[in-house]
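Visitor: Give me the fold of what follows.
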Amino acid sequence: MLAAFKKLLINWIAHFLIMWIAITAFTLIPYLYHVHIWGNYIYNTDGTPVTGWQYATNLNSDLFVVAIFIFLTEVVRQFLFKKRHFIVFIAGCLLTGMISCAGIVYLRPNVFKQQGKLSAVEPILYIAVYAFVYTIVRDYYLQNRNKKLQRIQQSENELHALKAQLNPHFLFNALNYLYGTALKEKAPNTAQGIDTMSDMMRYTIHGMQENFVQLGDELKFMENYLKLQQLRLPIKDNIKISSQIDSDDHHNQQKIAPLLLLPFIENAFKYGISIDTPCEVRIKIVVDKNELHMEVFNTIVQNRTEVSGNNTGIKNTIKRLDLLYPDSYRLDHQNTGLAYNVSFRLKLSS
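Guide: Numbering: from 1, shown residues only. From the prediction side, this is the model:
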């Protein structure tokens, strides 16, 4: 909720500044032009001519109403458009017009008295139409921008995948050879690890060439990753790892961006596992009612010097979420110094 309010505040300030500059320019420039052509024609009570600065600052009371109007427009766009029924969105636009006109009447009580019967209705409709058109145009612009960014990101992903592939058939053949060798040498854990790694590499190479994959494939990849981590770690009392992944066949057919969940789980093992000290990692992924909910918990190993990094994976994942799932996810995290907890919710697409 705090992130949504922060986004609303930023959009409101930017929108208001643009509107303030536009209103000031469209009123001040004609006044200065007329003064230049005809000379001063508006004077103060003491007889001195009204300067351009005085003329511009005289709009401050009107700008207060503009600020309210812009704020309500941003609220309608962010919280009603495409999140509520279209009729609710229309009602929000009309309410924006009525509240804004109420502000005008409060500041200028006689503004509508000397005009026609529809003079009080017309400004409401004008403001409502502005809120409606602004929201539609802004959404169209953002959708086009996101599509372009998605195409750019997909091209970059394909390029990275091509660089990483080298010769994937050679790599898979080599892994199959190692898998057979491990079985001959009666090393079932090694064989299982090689087989799991082969599946993960295949998913990574082919999955990253797509913007979206089936959720079932993504969850299978996460299961393989957790299986590989448990295979590589020794069985010791001080190491506790628990995982739960719940989904059904219906939800497994839904789409999700590939490798979206991995960075959060990788960090848990990177910073939360120690061979010598007590440590714990808990992973829970549940899919219900077209929403994925993931909880990741890990203890933080103290005084650890061998791990370095700047959370680039997490930062890139948040950029992908903002690009692919704007307003469709929620990410909360808490660091107590002794433990780290991540709560992630994502609305899935069909």
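
Visitor: low-scoring stretches of the stretch 151-300 of the chain, by residue?
Guide: 157-186, 206-209 (pLDDT under 70).

Visitor: what are the ranges of the strands in the chain?
Guide: Ranges of strands in the chain, per DSSP state E, are 213-214, 239-246, 255-256, 279-288, 291-299, 329-335, 339-347.

Visitor: For T48, find the nearest of those.
Guide: strand 329-335 (57.9 Å; Cβ to Cβ). Every residue, glycine included, has its C-beta placed from N, CA and C.

Visitor: what about the closest one, distance to the chain center?
Guide: The chain centroid and the centroid of strand 329-335 are separated by 12 Å under Cα atoms, centre = their mean, to the nearest Å.

Visitor: What of stretch 8-24?
Guide: What separates the centre of stretch 8-24 from the centre of its chain is 22 Å, taken as Cα atoms, centre = their mean.

Visitor: what's the domain layout of the protein?
Guide: 2-148, 235-350 (automatic domain parsing).

Visitor: Give me the outermost residue of the protein relative to its centroid.
Guide: Computed with Cα atoms, centre = their mean, the residue of the chain farthest from its C-alpha average is G47, at 56.6 Å.

Visitor: Around E74, count how many other residues there are.
Guide: Neighbourhood size, E74 [other Cβ atoms under 10 Å]: 25.

Visitor: doesn't I10 make contact with it?
Guide: No - using Cβ atoms under 8 Å, E74 is not in contact with I10, being 9.5 Å away.

Visitor: sorry, back to before: if you average pLDDT over each of the domains of the chain, which is lowest?
Guide: The stretch with the lowest mean pLDDT among the domains of the chain is domain 2-148, at a mean of 80.

Visitor: Longest helix of this structure, counting residues only.
Guide: When the chain is parsed with DSSP state H, its longest helix is helix 121-165.

Visitor: still on that earlier bit, mean neighbour count for the strands of the chain - can I get that in a markdown table?
Guide: Output for the strands of the chain, formatted as a markdown table (neighbours: other Cβ atoms under 10 Å):
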| stretch | mean neighbour count |
| --- | --- |
| strand 213-214 | 18 |
| strand 239-246 | 14 |
| strand 255-256 | 18 |
| strand 279-288 | 18 |
| strand 291-299 | 20 |
| strand 329-335 | 13 |
| strand 339-347 | 17 |
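
Visitor: Columns distance to F264 on top of these, output as CSV?
Guide: As requested, the strands of the chain are arranged in CSV below (distance: least, Cβ to Cβ, whole Å):
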stretch, distance to F264
strand 213-214, 18
strand 239-246, 13
strand 255-256, 14
strand 279-288, 9
strand 291-299, 5
strand 329-335, 9
strand 339-347, 5
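
Visitor: Cool, thanks, talk later.
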